[in-house]
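Trainee: When you get a sec, could you give me coordinates for this:
(one chain, ligands or ions: 1)
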Amino acid sequence: MKVAYLGPEGTFSEEAAIQYFNKDQVEFCMYDSIPDVIEAVGEFRVDTAIVPLENTIEGTINMTIDSLISFHKLQIIGEYTLAVSLHLLANKDTILSEVKEVWSISPILTQCRKYIRNRSIKSLQYDSSSSAATALENSGRTDVAAIGSRTLANLLNLNIIDQNIQDNMDNQTRFIIVSNHEMPEIDYKKTMFVITPGQDQPGVLSSMLNIFTALEINLSWIESRPTARKFGVYRFFLEANNNCSKGTIEKAVTILETLGHEVRIIGRYNVLENNYNK
Ligand SMILES: O=C(O)C(=O)Cc1ccccc1
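Mentor: Presented below is the predicted three-dimensional model:
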């Protein structure tokens, strides 16, 4: 089985992939950006992918859900949460007070918003923490630092010149495992719905949510994303987390569709617990 994740070597996605999968049973394939990872599984070049969905500080990783929704065969088949400690990585001879700019992927830069603001330094976006750190190493610059993991620093021979620079010490990122295969019919703990409301009318969101209340479906996550058609037209991602039966899920879909909403189930899955969650 081929598994895609965000490369090059040393990303947090790689750390999550190594912890989630048994590396003797899979072939890992790295891609240069999160949309490229999802496209690889969406276009059947790999079987499965692991991508970040949300972060405790930054919230939803929009490029993940926006890419996911554009492939109709993709399903979320699992979930894994990784603790993320962010460090400032630099070339030899870099002095912290002389760093004028930091490089990393955008969701990581925003996890360190306070740190960057307090020091009045600039930030520059890359497609991953490791592509930023590699560019830094190749440049040889000592007025710039990259933000990434300790593993990444060791891999590239960069020094850690400041530690745990994220805005909140309990920083975690929730990864999802995405597949283009049908999953066996068993009971899953979570279900992810994507609902596009039929009409733009007052109370449309609360009428949708009332259906979940009536069926006692507990929602653990809700996110809206623009449909890119016009202002005010959104689609909603809703995650149900209370082991609801397939029958209850089907009932919710039928009622929502009867009310004129477009409904897609983009995943039924379980959570793989790690030591951090216990
Ligand atoms: O750039 C990385 O190292 C990633 O794996 C991407 C990422 C994005 C948001 C939170 C954690 C990791």
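Trainee: what mean pLDDT does the helix or strand where E54 lies have?
Mentor: Per DSSP states H and E, E54 falls inside strand 48-55. Strand 48-55 shows a mean pLDDT of 97.
Trainee: Check which helices and strands that strand sits against.
Mentor: On a contact count with 3 or more Cβ pairs under 8 Å, 6 or more residues apart in numbering; DSSP states H and E, strand 48-55 meets strand 2-6, helix 12-20, helix 34-42, helix 62-69, strand 75-83, helix 106-111, strand 172-179. C-beta here means a position set from N, CA and C on the backbone, and glycine is covered the same way.
Trainee: State the next helix or strand along the chain beyond that strand.
Mentor: Criterion used, DSSP H and E; the element after strand 48-55 is strand 59-60.
Trainee: wait, doesn't K100 sit right on L124?
Mentor: No - assessed by Cβ atoms under 8 Å, K100 is found out of contact with L124, at 10.9 Å.
Trainee: that older thread, now the helices and strands packed on strand 48-55 as JSON lines including mean neighbour count, mean pLDDT and distance to V263?
Mentor: Shown next, in JSON lines, are the helices and strands packed on strand 48-55 (neighbours: other Cβ atoms under 10 Å; pLDDT from 0 to 100; distance: least, Cβ to Cβ, whole Å):
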{"stretch": "strand 2-6", "mean neighbour count": "24", "mean pLDDT": "98", "distance to V263": "28"}
{"stretch": "helix 12-20", "mean neighbour count": "22", "mean pLDDT": "98", "distance to V263": "29"}
{"stretch": "helix 34-42", "mean neighbour count": "22", "mean pLDDT": "98", "distance to V263": "20"}
{"stretch": "helix 62-69", "mean neighbour count": "20", "mean pLDDT": "96", "distance to V263": "13"}
{"stretch": "strand 75-83", "mean neighbour count": "20", "mean pLDDT": "96", "distance to V263": "15"}
{"stretch": "helix 106-111", "mean neighbour count": "22", "mean pLDDT": "96", "distance to V263": "28"}
{"stretch": "strand 172-179", "mean neighbour count": "23", "mean pLDDT": "97", "distance to V263": "19"}
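Trainee: Could you dump these into JSON lines with distance to the ligand added?
Mentor: Below are those laid out as JSON lines (distance: least, Cβ to the nearest ligand atom, whole Å):
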{"stretch": "strand 2-6", "distance to the ligand": "5"}
{"stretch": "helix 12-20", "distance to the ligand": "3"}
{"stretch": "helix 34-42", "distance to the ligand": "7"}
{"stretch": "helix 62-69", "distance to the ligand": "9"}
{"stretch": "strand 75-83", "distance to the ligand": "8"}
{"stretch": "helix 106-111", "distance to the ligand": "4"}
{"stretch": "strand 172-179", "distance to the ligand": "4"}
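Trainee: Skipping adjacent residues, who's closest to S245 in space?
Mentor: Computed as Cβ to Cβ, 6 or more residues apart in numbering, the closest residue to S245 that is not its neighbour in sequence is D187, at 7.1 Å.
Trainee: circling back to that earlier point, within its sheet, name the partner strands of the strand holding E54 and how each one runs.
Mentor: Using DSSP bridges, strand 48-55 pairs in its sheet with strand 2-6 (parallel), strand 59-60 (antiparallel), strand 172-179 (antiparallel).
Trainee: how about the residues of the chain near the ligand?
Mentor: For the chain, the residues in contact with the ligand (Cβ under 6 Å from any ligand atom) are 6, 11-13, 52, 55, 61, 84, 105, 107-108, 128-129, 173.
Trainee: Now flag whichever of those residues is closest to L215.
Mentor: Distance ranking of the residues of the chain next to the ligand against L215, using Cβ to Cβ, places I61 first at 29.0 Å.
Trainee: What separation is there between the closest one and T173?
Mentor: Per Cβ to Cβ, to the nearest Å, I61 is found 8 Å from T173.
Trainee: Kindly report the same for V37.
Mentor: Counting by Cβ to Cβ, the gap from V37 to T173 is 15 Å.
Trainee: How about N274?
Mentor: For N274, the distance to T173 - Cβ to Cβ - is 12 Å.
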